[in-house]
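Enquirer: Pasting a predicted model and its sequence here:
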Amino acid sequence: MMLRYALRTVRARKAGFLGAFLALMCAAALITACGTLLDTGLRGTIRTERYAAAPVVVSGDQYVHQTTVKHKKGKTKVKHKAKPIAERAWLPQELRTRLSHVPGVARVVPELTFLAQPLTPAGTGGRTAYGHAWESAVLTPYRLTAGSAPTSDGDLVIDSDLAARAGLRPGDRLTVQSTQAPRSYRVTGVATPATAVRHQTSLFFSAAEARRLAAHRGQVSAFGVLPAKGTDAEQVRDAVARALHGTTAQVSTGAARGPVEFLDAAAARTRLVSMGGAMGGTSLLVAVLVVVGTFALTVQQRHRELALLRAIAATPGQIRKLLGREALIVGTAAGTTGALLGLPLGSWLHSRFVALGAVPDTLEHSVSVFPPLAALAATLLGAWAAARIASRRIARIRPTEALAEARAERTRPAWGRIAAGLLLLAGGAVLVVVLTSLRTEPASTPVTFLAVVVLSTSVALLGPLLVKTAALLLAGPLRLTGHGGRLATANLRGNAARMASVVTPLTLLIGMTCTVLFVQSTLGDAARSQARAGVRADWVVAAQGPGVPAEAARRLRTGHDTVTEVVRTTIRVGLDKYPAQGVTPAGLTRTWDPQVTAGSLDRLGPGTVAVSQLAADQHHLKPGSPLKLTLGDGMPATLTVAAVYARGLGFGDFTFSHDLVARHVDNPLASSVLVGTTRTQTQLATTLREFPGLRILSPADADALQADRQRTNAEVNYLAMGLVLAFTAIAVVNTLAMSVAERVREFALLRLAGATRRQVLRMLRTEVLAVLFLATSLGSGIALAVLTAFSAGMTGRAAPSVTPLLYVTVVGIAGLLALVASAVPGRAVLRVPAVTVATAKE
């Protein structure tokens, strides 16, 4: 019976439920899109290309492992954790002999994979280029379609895609920037893969030249194991695994070969899981907050109808059941529609991340039923919970008071709501205090956005009280605007709950947008400020390609000039990940100053390391302390702390000697070279004329280039939170339109009392401006508190970086949304003749 009545109610009040439907639909689409990212990170396919013809691949362990043993109440608990490393882990060449003796193995092919960028006007077509030894071409396989195999150090075989794009053929010459100085090679052949290779360009060298360029003497990237004819690959895999027991080597078959080949895609999985989870969690919190407010407004608009049901003996339980089932009906329709819309939205979001370089295209977008089902379940639960929360008051009033209550808002404060709001306000304050003590971005970012949502939720609960307070404070200025201002003041006081439902999404929109925008600029400006203060060089050599070769730095070292090569990587201390760099120790203080607070950079060498104050505090380090760590390629090392420095944001948390880091990274070319010299820019450019793609920049120009890179990286974060902000903006428009549309009778009575359409619209505009002023104050206050705490924790200074013009733009867009969302339905309502409305409502 109740379900049938709920269906009839929804069918009869389609327009009334439209706002709730839109809010729920957008929420479902948002959760589905975020869920597809999470699903891609967990189950996305990484298809192998280079190893397509190698059923079994042996590779290095790409993880750092940590095992802890705890004894409690007579029980032993063993916990194992693993985290990925940043660079490729290499294997000893000697394993080839052991693998060759495994039963069922026909051939073991060593693979060398290293940086090899062809310097052609056509480039690589957006593909990453790798160099290999020609003997490993069989792993794909590549077959010669023109020319011959490389035999000498100056020979080169290119793939057919590069040959077609660059117009190359056997006999032509091609300059390649590899791990050493750029070198010109003679193209001896063109090879075509037997299977599709879409994501990489392959260059094949002679075995001796490949070993020289790989620069890992006695090591290989992987082994391709070719089983004997008629032998099952899984049986060979098991046999190989037994033979390698006790080593760090990993054995892969089938789909597991893809992550071995594309390390960046394997690392992107973890990043997508983290990003999708953070976005999904924030989206869910925002969605619940918005949907609860929307349903509260919907129920408030139906007070007359629900009060009549109470007056004819409907019980509180029946009212709650009715509203709950209506919510489930609307939630089912909205959730299904939104979940279906979320699938293409998630695909678009993934494609944008790929375009921005945050996710490699080798990690294929995963589409399954789980994200839409999860979004539908979350939507139904959110709709039902929102309806139950919104129905608490109307279901509890006594039948004799119901009809009276239907015409006016409750004047007595809702002490339970106020207590909950104050509790959340205290919780938000605690999060802000906690934020001041968080000094790493992975730890502070989730707390930052959680604090904004919690404080905005407290605004939602305390909204009526805040609106009445604002009406009291604005009464004087509003009175100066005339009769419209007086009516606006009366509406703010008498309809505080309705106005509060508008304040909440506006506050969330302004607070969240300002936080997203200025968190990035706060962190980026602090890092650049430290870098500017610490770079003492006269000139900076930067590369448009993969980096600055060591040979270029060697040629710059003449006379009394100081040349500092900087190569970057990521290392782990235990399981904690830190940005790190290697620098040339000789004359370092002439070009580079990280603001040493203890120890001396003069002690920096192969067996020592300099650490930031953050890392020193976290691991209780000081000059002379031993430090166990894992380098980028998984190689463990124990070094002695030589110095502690303060400018960790600008220069990374760990600094090693250049030669140590260069031996343990995939790209040993310097990201930049700092030059202290009396020579001019033209003289330096002349010295480096044989090295294409290098630029001589002043420190100011290098800083501007770094700012451009930071803006590109920030676009990823803006895109990640852009959907949440778009949903919030839609909620602002939706809520305002609902709030204005329900006032048709009020506007009709004003017009019958002599007010013109223009006067009514002026009153409405004054109300919206007052609400906008309150929401801007609250949203800006929340963002300022959170950003200040974030800045204090991350940079040590309670001074967030805020761009005034950008802030004004945010507030302006929010104001424009509010004015348009109120003016359009307001004008539509005022087109209906006042007499018709008054007669229909009586």
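Expert: Arrived safely, thanks for sending.
Enquirer: Can you name the residues that contact residue 670?
Expert: Residues near residue 670 by CB atoms under 8 Å, 6 or more residues apart in numbering: 543, 547, 548, 549, 550, 553, 565, 566, 567, 658. In this view, the C-beta of every residue, glycine as well, is placed from N, C-alpha and C.
Enquirer: out of everything not next to it in sequence, what's closest to the fifth one?
Expert: By that I understand residue 550. Using CB to CB, 6 or more residues apart in numbering and skipping the chain neighbours, the partner closest in space to residue 550 is residue 565 (6.9 Å).
Enquirer: Now flag whichever of the contacts of residue 670 is closest to residue 423.
Expert: Ranked by distance to residue 423 (CB to CB), these are led by residue 566 at 50.1 Å.
Enquirer: how about the helix or strand hosting the closest one: buried residues?
Expert: Using DSSP states H and E, residue 566 falls within strand 562-573. By 16 or more other CB atoms under 10 Å, the buried positions in strand 562-573 come out as 562, 563, 564, 565, 566, 567, 568, 569, 570, 571, 572, 573.
Enquirer: Please convert those to JSON lines, extending it with pLDDT and distance to residue 135.
Expert: Shown next, in JSON lines, are these (pLDDT from 0 to 100; distance: CB to CB, whole Å):
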{"residue": "562", "pLDDT": "92", "distance to residue 135": "43"}
{"residue": "563", "pLDDT": "93", "distance to residue 135": "38"}
{"residue": "564", "pLDDT": "95", "distance to residue 135": "39"}
{"residue": "565", "pLDDT": "95", "distance to residue 135": "33"}
{"residue": "566", "pLDDT": "95", "distance to residue 135": "35"}
{"residue": "567", "pLDDT": "95", "distance to residue 135": "29"}
{"residue": "568", "pLDDT": "94", "distance to residue 135": "32"}
{"residue": "569", "pLDDT": "94", "distance to residue 135": "29"}
{"residue": "570", "pLDDT": "94", "distance to residue 135": "32"}
{"residue": "571", "pLDDT": "95", "distance to residue 135": "33"}
{"residue": "572", "pLDDT": "94", "distance to residue 135": "34"}
{"residue": "573", "pLDDT": "94", "distance to residue 135": "39"}
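Enquirer: Report the separation between residue 382 and residue 322.
Expert: Distance, residue 382 to residue 322, by CB to CB, to the nearest Å: 18 Å.
Enquirer: right, I mislabeled it, should have said residue 546
Expert: In this view, residue 546 and residue 322 are 66 Å apart by CB to CB.
Enquirer: Please say which of those two ends up with more neighbours.
Expert: residue 322 (21 against 18; other CB atoms under 10 Å).
Enquirer: isn't there a helix covering the more buried one?
Expert: Yes - assigned with DSSP: H, G, I helix; E, B strand; the rest coil, residue 322 falls within a helix.
Enquirer: now the strand holding residue 566: how far from the chain's centre is it?
Expert: 25 Å (CA atoms, centre = their mean, to the nearest Å).
Enquirer: residues in contact with whichever helix or strand comes after it?
Expert: Going down the chain from strand 562-573, the next helix or strand is strand 576-583, by DSSP H and E. Contacting residues not belonging to strand 576-583 are listed as 83, 86, 564-572, 592, 604, 615, 618, 632, 651-662 [CB under 8 Å, 6+ apart].
Enquirer: quick one: strands adjacent to strand 576-583?
Expert: With DSSP bridges as the test, strand 576-583 is paired with strand 562-573 (antiparallel), strand 654-657 (parallel).
Enquirer: who's in contact with residue 89?
Expert: So, once contact is read as CB under 8 Å, 6+ apart, residue 89 ends up touching 59, 60, 61, 62, 248, 633, 634.
Enquirer: go again using 7 Å as the cut-off
Expert: Contacts here follow CB atoms under 7 Å, 6 or more residues apart in numbering; on that basis residue 89 touches 60, 61, 62, 633, 634.
Enquirer: I'd like to know which of the residues you listed are buried.
Expert: So, by 16+ other CB under 10 Å, the buried ones in the contacts of residue 89 are 60, 62, 633, 634.
Enquirer: Pull the most distant pair out of these.
Expert: Maximum distance among the buried ones among the contacts of residue 89 (CB to CB): 9.3 Å, for 62 and 633.
Enquirer: Residues that sit against both of the two, list them.
Expert: Common contacts of residue 62 and residue 633 (CB under 7 Å, 6+ apart): 85, 89.
Enquirer: picking that back up, and the buried residues of strand 562-573, which two are furthest apart?
Expert: For these, with distances taken as CB to CB, the pair at the greatest spread is 562 and 572 (31.3 Å).
Enquirer: Isn't residue 192 up against residue 143?
Expert: Yes - between residue 192 and residue 143 there is a contact under CB atoms under 7 Å: 6.1 Å.
Enquirer: Which one's more surrounded, these two?
Expert: Neighbours were counted for residue 192 and for residue 143 using other CB under 10 Å; residue 192 has more, 16 against 12.
Enquirer: list the contacts for that one?
Expert: Contact analysis of residue 192 by CB under 7 Å, 6+ apart lists 142, 143, 145, 160.
Enquirer: Would you mind giving the dihedral angles phi and psi of it?
Expert: According to degrees, to the nearest 10, the main-chain angles of residue 192 amount to phi -120, psi 130.
Enquirer: Could you do the one 4 residues further on as well?
Expert: When read as degrees, to the nearest 10, the backbone of residue 196 gives phi -70, psi 130.
Enquirer: same deal with residue 801?
Expert: Reported as degrees, to the nearest 10, the phi and psi values for residue 801 are phi -90, psi 110.
Enquirer: surely it meets residue 519?
Expert: No - using CB under 7 Å, residue 801 makes no contact with residue 519, being 9.4 Å away.
Enquirer: higher neighbour count, those two?
Expert: Shown here are residue 801 and residue 519; by other CB under 10 Å, residue 519 has more neighbours (26 against 18).
Enquirer: Work out for me the element the more buried one sits within.
Expert: Residue 519 belongs to helix 496-534 when elements are defined using DSSP H and E.
Enquirer: Then residue 20?
Expert: helix 14-43.
Enquirer: try residue 540
Expert: For residue 540, the host element (DSSP H and E) is strand 539-543.
Enquirer: So which residues make contact with that strand?
Expert: Strand 539-543 is contacted from outside by 548, 672-675, 677, 681, 684, 693-699, 702, 705, using CB under 7 Å, 6+ apart.
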